[in-house]
Each structure stands twice: as structure tokens, then as C-alpha cells.
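Q: give me coordinates for this.
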Amino acid sequence: MTDPTARSAPPSGAGVLELLHRFKDDQALADNYAAACLERAKAVEGVLKAFEYLPVDAARRPGPLSGIPVAIKDIIATSDMPTTNGSQIYRNHIPERDAWVVERLRNLGATIFGKTVSTEFAWRHPGPTTNPWNSKHTPGGSSSGSAAAVAAGIVPLALGTQTLGSVIRPAAFNGVVGLKPSFGAIPRAGVHPLSPSLDHVGFFARRVDDVAYALSLISAVSELDPHGRPLPHFDVDARQGVPALEKPRLRIVRFEKWSRAEPEQQKVFEAAVARLREAGAVVEEREWEELDSNWSAVNTIMSSEATHIFSGLVERYPDRSSDFLKSAVKAGRELTAFAYLGAKAIQEKLRAALPAQMSGFDAILTVPAFGEAPEGLDYTGDAEYCAPWTLIGAPAVSLPAGFGKKGLPLGIQIVGSYRQDYHLLRVAKWVESALEFEPGIPKIAPGK
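A: Got it, this is the predicted structure:
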């Protein structure tokens, strides 16, 4: 006899658009999906440790994202759940109001599905989250829990933030799609700052169409965020997704640090390039030497601004501040105003050079990380392949593209022109289709 509940079982690994399509024909699935996700989260949380807080109420609300559970990184304020910022200082803190992006999601009908683990204030001190493909490895950071929750099939969409590489790198480490939109595309009001000149809000999902749909609904400006820059308006059809940009022109940028990439990462990248060429893309190697100055500049900006933000907290709560945070504050105090202004000048110079560097190309193709997620939970990985695009504020997408020798995901990174996020997403959709790579859902044995 057929199980009458089988039709409404949540599809494993379904994306946002696929779920919305299914919800139209299956109201029982729509009503119960978030609750089923909650059971999945509880079943694997003992091993995965992706959440600081799970929701009490998973009821469905009306709107274009009705029935879709969205996990929220725990530096993003929620008025009905604790927001710890990954810090002992804020252990029991419940904000008075939602962050702008959380309020927007609620108004769109999304189910706010708990708070995901973040490194301390989105900096280096890691939380307990494990990589769903191998619990002995990091999921990356600082958006550790959001990336792991999507990869594990718990939620189809999650919010992260990126100041150096905290969306793109964990997306690659966990085998999901990551989108860091253009700087200023999503208001950061209610998101705890690390470096206001660099902080971005981004997404994790399973498909390019899903992050594109989310950005089309959420991108905006707010008077509460002075760094806001509106994207040109675009709509995404919830049935068809974004139209792929056929046979794009892609520029490969490897940087001088390419030799440090693991051999498996290099092989996956070269295989992806070959596949894209076969599918009709025009691919050209062309370095951008001036970009090699980015690492010093981005760290100078971040350290200077983080010190301004966190000095008082570290002084008031030395016993609740990690050595990572204390070191960051110390490093920032040793920087001069001259060094900070010089780094900001480099940032502006590189931003101004981007249109000419992108001329004749639809996107830049590079890697999101040096290889597989590192073993151990004390180090979340190197952000050097993500930082240039964060410094410039250009939109970037991480796509899963293969596995390494340890069975962990490897990805590629696609970068677009500033505020041309829609064009980049069309390129990414074509690349995703050409690669035809689906990592699937890792098996996580329930445990304590």
C-alpha cells in the first residue's frame, strides 16, 4: 500500500525555486516543510553543530517566499531569537528589532529558521560547526553554520556575510552555491559590523537560480546604511530562473599565488575551463598585476576599522574576548592614519580600474580557495582568493565543481563588474549548466 505521507515528504536537496513550484501543487508540503527541516536539523545537530538557536515556530507565512526556511547568520539581529555574534559577551542578547534584511525576509513570507554559528564577530575565532562532508574538517568561516546547514540539506537558503572571504570560501568548502553581491547591494542595518568599508551580506543556496531570486527580492537601499548603492532593477521568474548568458567571454586570473593552490584544486579548475571551452565559452588568460597589492590593503582597512569598533569591548570584557579579537585590536592600534588612508586609496584605485579590466569580458574566472577545507576546527581557511573582490566590491559567485583527494568539495569562483550582479548571475547560470556538477547531500549519521 502507498504511504499517504510520502507525497508530502520534503525533497532532499531541493532548491528554493523547485520548492516554490512544488508548494503550488502540494499545500501539505508547503505547510509542513519547515517543520520537517527542523526535525532534520535536530537529528544531525549533535554532529554538525550548525546552529546557535533553532526556531520554536516554523509556521508558514504568506508572500513570495512562503514556506521557505531561511537560516540567519548569528551576527544578524533577530528580535525573537538570541543574537550572540559568536561572542561570550552577547551570550543571552536578544535585540530590540530585526536587522533590515530579516525584516525584509519576514515581509516576503520566509520562515526565519534559527541562527547559524558564526566565528566571533565574523572574525577568526571559530565556533563548533563541522564540515558536513567530514566532521574532522572545518566548514570554513565566518559564515560556518549557514554554509553547513545548506550543504546538509537542512535549509534551501541561508544568509551569510563577507568581509574577506566568509561567503565564497565556505560555499566552496561545503559544496554549495555562494553569492557575495556588489558592495552596498543589501542594507546592513542590524548586522554587527567588522569593517564597514568591506562588509557584505550574501547568500548560500543549492542553485544559481535560488541566489538570483533571493537577490532580486532583497536588494535595496536604506537610509540606515550610508554605504548603500542600488543595483539596476531586475526580476527573476520563479518558474524559469535567470536566463543563461550563452557562450560568455571569461577572463582567467590566477594571481602570483597560484602555485600555492593544491594540485587537486588546480586540476578541478583546469577541467572546468576545458569543459567551458568545449561548451562554447571564449576563455582568455590575462593577469591583473596591480591586484596583487590587495592583501595588504584589505587587511589594513579591516584592522583599522575593526579596532575602532572593538577596542572598547575588549577593554571592558577581556575575559570574554578571544585572543584572535585581542590580536586584531592590537594590530589595528599599531597602524597609522597614513597607512589606513593609503589602503583606502588603493581600494579606490582598484575599483576605478575594474571597468577597464572587465572590458571585453563578461566575467572573471578564478578559484575560491586554495583547496579542500583544512582538517581541524581551529582554522577556517585562507581568504586570499576572495579578498580582492571584497576590497573592490565586485559581485562574486562560488560554484561547486568537483571533489578533492579527501572527498571534500572544491569549487570555482566567477566575478563580475560592480553593480552588474544580474549579468554575473546569467553567466553563472550558464557555467553551472555547462559543468553539470551536482555534489549531492552528504550523509551525516545522527549523533550526540
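Q: chain neighbours aside, what residue packs nearest to Asp382?
A: In space, and not counting its chain neighbours, Asp382 is closest to Phe370: 5.5 Å by C-beta to C-beta, 6 or more residues apart in numbering. All C-beta spots, glycine's among them, are computed from the backbone N, C-alpha and C.
Q: which SS class is that neighbour?
A: coil (DSSP: H, G, I helix; E, B strand; the rest coil).
Q: what's the local residue count around it?
A: If you count neighbours by other C-beta atoms under 10 Å, Phe370 ends up with 19.
Q: so which residues of the stretch 1-150 of the chain form strands?
A: 51-53, 69-73, 111-116 (DSSP state E, counting those that start in this stretch).
Q: which among those strands is found nearest to Arg124?
A: Evaluated with C-beta to C-beta, those place strand 69-73 nearest to Arg124, the distance being 15.6 Å.
Q: which other helices and strands does that closest one contact?
A: Packed against strand 69-73 by the contact rule (3 or more C-beta pairs under 8 Å, 6 or more residues apart in numbering; DSSP states H and E) you find helix 27-48, strand 111-116, helix 144-151, strand 157-162.
Q: how about 10 Å then?
A: helix 27-48, strand 51-53, helix 100-107, strand 111-116, helix 144-151, strand 157-162, strand 200-205 (3 or more C-beta pairs under 10 Å, 6 or more residues apart in numbering; DSSP states H and E).
Q: other SSEs contacting the longest one?
A: In terms of contact count using 3+ C-beta pairs under 10 Å, 6+ apart, helix 27-48 is assigned the packing partners helix 16-25, strand 51-53, strand 69-73, strand 111-116, helix 144-151.
Q: over to the second one?
A: Applying 3+ C-beta pairs under 10 Å, 6+ apart, we find strand 51-53 packed against helix 27-48, strand 69-73, strand 111-116, helix 144-151.
Q: quick one, the second one and helix 144-151 angle?
A: Meaning strand 69-73. Calculated by axes from the mean of the first three to the mean of the last three C-alpha atoms, to 10 degrees, strand 69-73 forms an angle of 160 degrees with helix 144-151.
Q: what about strand 69-73, distance to the chain center?
A: 12 Å (C-alpha atoms, centre = their mean, to the nearest Å).
Q: just name the most buried of the helices and strands packed on strand 51-53.
A: When the helices and strands packed on strand 51-53 are scored by mean count of other C-beta atoms under 10 Å, the highest mean neighbour count falls to helix 144-151 (a mean of 34).
Q: for the residue nearest the centre of the chain, which non-adjacent residue is closest in space?
A: Note on the chain: the residue nearest the mean C-alpha position is Val167, at 2.6 Å, using C-alpha atoms, centre = their mean. Leaving aside its sequence neighbours, Val167 sits nearest to Gly202 (C-beta to C-beta, 6+ apart; 3.8 Å).
Q: how close does the one you found get to Cys386?
A: According to C-beta to C-beta, to the nearest Å, Gly202 and Cys386 sit 11 Å apart.
Q: intersection of neighbour lists for these two?
A: Common neighbours of Gly202 and Cys386, counting by C-beta atoms under 10 Å, 6 or more residues apart in numbering, are Gln162, Ser166, Val167, Ile168, Ala171, Gly178, Lys180, Ala396, Ser398.
Q: now the third one: how far from Asp199?
A: From Val167 across to Asp199, the span is 11 Å (C-beta to C-beta).
Q: also the fourth one?
A: Between Ile168 and Asp199 the distance is 14 Å, computed by C-beta to C-beta.
Q: do the same with the second one
A: Using C-beta to C-beta, one obtains 10 Å as the distance from Ser166 to Asp199.
Q: anything in contact with each of those two?
A: Common neighbours of Ser166 and Asp199 (C-beta under 10 Å, 6+ apart) are Ala122, Thr390.
Q: more neighbours, those two?
A: Taking other C-beta under 10 Å, Ser166 and Asp199 do not tie; Ser166 has more neighbours (34 against 23).
Q: for the residue nearest to the centre of the chain, give me its contacts.
A: Counting by C-beta under 10 Å, 6+ apart, Val167 has contacts 73, 140, 142-143, 146-147, 158-161, 178-181, 200-204, 368, 386, 390, 396-398.
Q: what subset of the residues you listed is buried?
A: 73, 140, 142-143, 146-147, 158-161, 178-181, 200-204, 368, 386, 390, 396-398 (16 or more other C-beta atoms under 10 Å).
Q: now the helices for the stretch 201-350 of the chain?
A: 208-218, 263-278, 294-316, 323-333, 337-358 (DSSP state H, counting those that start in this stretch).
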